[in-house]
Structures are given as structure tokens and as C-alpha cells.
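Enquirer: sequence unavailable; structure follows:
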DNA sequence: TCGAGTGAGTTCGTCAAGCGAACCCAGCGT
DNA sequence: ACGCTGGGTTCGCTTGACGAACTCACTCGA
């Protein structure tokens, strides 16, 4: 259990969840990755309450995962759309990971509702754990977590 | 926007979040990956309210991500500990993804609090997007999402 | 110029979920 | 018999999610 002794308070998982862990946040990002950018479209595809959606968009914007970009459809007044920033795009692997798990364990007929393909070669895409030594790992068992020295807590 | 037209109701991301998206669930799993198995240890390292923790553990158990295993420390009565099942272990990439994002954007001094190393070769481990053609992708832009035919919605 | 329509957002009342503290209960050692 | 301890429940309170109704800014057609 010694491996468990490190400071959780600055854990990156917790930190990330503090930003995108509220209800709907990750689903908003999913839609963003699918190209949905307008409030009304988000509201319709997600079915989230308007007030919640407003709030989630606001926090995603001021956390820098989305940015509001003005646009003007013809015959309409100027509005804003929400676009992924680099910071937002970088959450893609997390969404893919959640999706792959769902595909494996939740898909009804073993058929994934949405498939990801390499834009260049058309082959299916998935996540892999790799190391700098060039090995491809098979799962969590092959990983050893190492707390950074500066954040080890004192042993009891 | 055509790419956005598919049935969200069976989206794997949403499905997965329905299981592990509540507060604390993913953090419980993080602890599990670090080897924490007992209720009291979870409660202490997480700081979650007991009632919530009880509830999260119960749902994780009956969703099959954890299993209760009886154990008996000497001089104590028999108790249960919570261990990851295969289904639970398979969520590892999702946690790693969240962690990597947090390491990149949240780490104070650019120093990740916890490092993952390959147990065999000791090299740092990370997630990568790869395709069956053997290419390593650089991010979401190189991916094309393809709704499975059976779940396309009718065009409006 | 007026009035209806629409996208985006706020407000409101209700209901569910998270919270800390207190309480409970089984089985162990003394 | 008693108290301790790990795991869990109960309780009141606060926070958050919810859907419906309301607002506001702007465009269009009349």
C-alpha cells in the first residue's frame, strides 16, 4: 500500500474532473467534436436544461476549452458559436477512452454506434498505451505509478 | 453538420458517464488502481462523505466494475474489500487520459504529481491514438467519426 | 412602423443529490 | 461485561439539476 501514499489534493484526475466533471460538460465537448457549435443545436441534441447548458458553456469558455466566436447567419442577428480551443481538443483522448469502454460493455448487439476512422487511410482508430521504449502495453497491470518526489507525503 | 446527425441516445460516452459520471466514482476507481481497497482507506484518502462513498461503491459493484471480496485482518472481524474486475480495469485508459490532460494543463510547475512507467522497461507511459493501418495519429483532427449505419437518424 | 418570430439567456419553484455530523451495529481484545 | 473500530445508516441543510415560463435583442413580413 506504500504506492498509495502521495498527495491526492493535486491529483490531475481530480483537477480535470473539477473542470469537466460536472453533469453535461463532457457531453457538450462530445458534441463539439462532432461539429455542433450553436447553442440551440446543443440544446436540442443534448436535451439538457437551458440554464445548465448556459452554465456549462460559460465555465468551459472561461476555463479555456471553448471560445465564443461571433457569427452571423443571413437574416439573423449576430450570435456566438462555441468552438474548441487547443486545450479543449486535447481532451479528445478522454472522450475516446470513455467511448471505447462503452462500446465494449454497453453496446447492445456488440455494435458500436459511432466508429472512428483515420482520415487519411480510413482504418479504425483506437487508443493504445505505449511507452517511450516503444512497447505497447496491454493494460493497467503493466504500469507502475510513481509519485513525483516533490509530492510524496511523509510516511505515517 | 451532417456528421452530427445520429442517435445520441445510445452514445457510448453518455452510457459510460451514466455509470461512472457521478461525483467521486472515477476517483474511487483511481484509488482502486493505486491499490486502495478498504472502505476506511478510501474514505480517508478521498475525503468523500461516507454515505456517498457507500452509494458509489454499491453502484460500482453492481455495475460489475468492482467486486466485494471478504478478508480478515488478524484480530479483526471479517470485512470486505473492493477489487477491480476486468470491466473496471478496462476503464484505465479513461483515467490515464484525464490524468494526462491535467498534467499538461493543471500542473503547477509543469511537473506531474504522478508518473506512469512501464513495469518492464521503466520508461514513461502515455496514451496514443493509433489506427489499424499502423499510423499514429496526432489528435482529433485526423479522425473522422462514422455513425454506424443502423443508428443513423433520418435526415430532417 | 408595427408586430410576430426566433435564438440565447434568465428566473422560478420543485425535486434530487451531495454534504458533515451524529448515530448504530457487529465482532474483536481485554 | 466493556470499550474500540470498521463499515454503514440517518438526519437536516445546502447545492445543483430540472422543466416551464418569462425576457431581451434582433430580424422579417406586412
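Expert: Noted; the coordinates are in hand. Not measured: the values here are computed from a predicted model. Numbers count the residues shown, from 1 in each chain, chains lettered A, B, ... in the order given.
Enquirer: residue contacts, residue A:23?
Expert: A:52, B:21 (C-beta atoms under 8 Å, 6 or more residues apart in numbering or on different chains). Yep, even glycine has a C-beta here, placed from its N, CA and C like the rest.
Enquirer: number of nearby residues for residue A:130?
Expert: 19 (other C-beta atoms under 10 Å in any protein chain shown).
Enquirer: helix/strand/coil for it?
Expert: For residue A:130, the assignment made with DSSP: H, G, I helix; E, B strand; the rest coil gives strand.
Enquirer: pLDDT weak spots in chain A?
Expert: Applying pLDDT under 70 to chain A flags the ranges A:1-5, A:74, A:149-156.
Enquirer: who touches stretch A:105-116?
Expert: A:96, A:99, A:103, A:124-126, B:6-7, B:10-12, B:15-16, B:87, B:90, B:143-148, B:150-151.
Enquirer: and that stretch, how far apart are its ends?
Expert: Terminal residues of stretch A:105-116 lie 17 Å apart, using C-alpha to C-alpha, to the nearest Å.
Enquirer: related to what we said a few turns ago, can you say which of the contacts of stretch A:105-116 are buried?
Expert: A:96, A:99, A:103, A:125-126, B:6, B:10-12, B:15-16, B:87, B:90, B:143, B:145, B:147-148, B:151 (16 or more other C-beta atoms under 10 Å in any protein chain shown).
Enquirer: any idea where the strands of chain A begin and end?
Expert: Applying DSSP state E to chain A gives strands spanning A:66-71, A:79-84, A:114-118, A:125-131, A:136-137, A:143-147.
Enquirer: and the fourth one with chain B, contact?
Expert: In other words, strand A:125-131. Yes: Strand A:125-131 is in contact with chain B by C-beta under 8 Å from any C-beta of the partner chain, via A:125, A:126, A:127, A:128, A:129, A:130, A:131.
Enquirer: turn these into CSV, including distance to DNA strand D.
Expert: Output for those, formatted as CSV (distance: C-beta to the nearest atom of the strand, whole Å):
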residue, distance to DNA strand D
A:125, 31
A:126, 30
A:127, 27
A:128, 33
A:129, 31
A:130, 35
A:131, 35
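Enquirer: out of the residues you listed, which comes closest to residue B:77?
Expert: Nearest to residue B:77 among those: residue A:129, at 39.4 Å, using C-beta to C-beta.
Enquirer: burial check on residue A:137, number of neighbours?
Expert: Residues near residue A:137, counting by other C-beta under 10 Å: 18.
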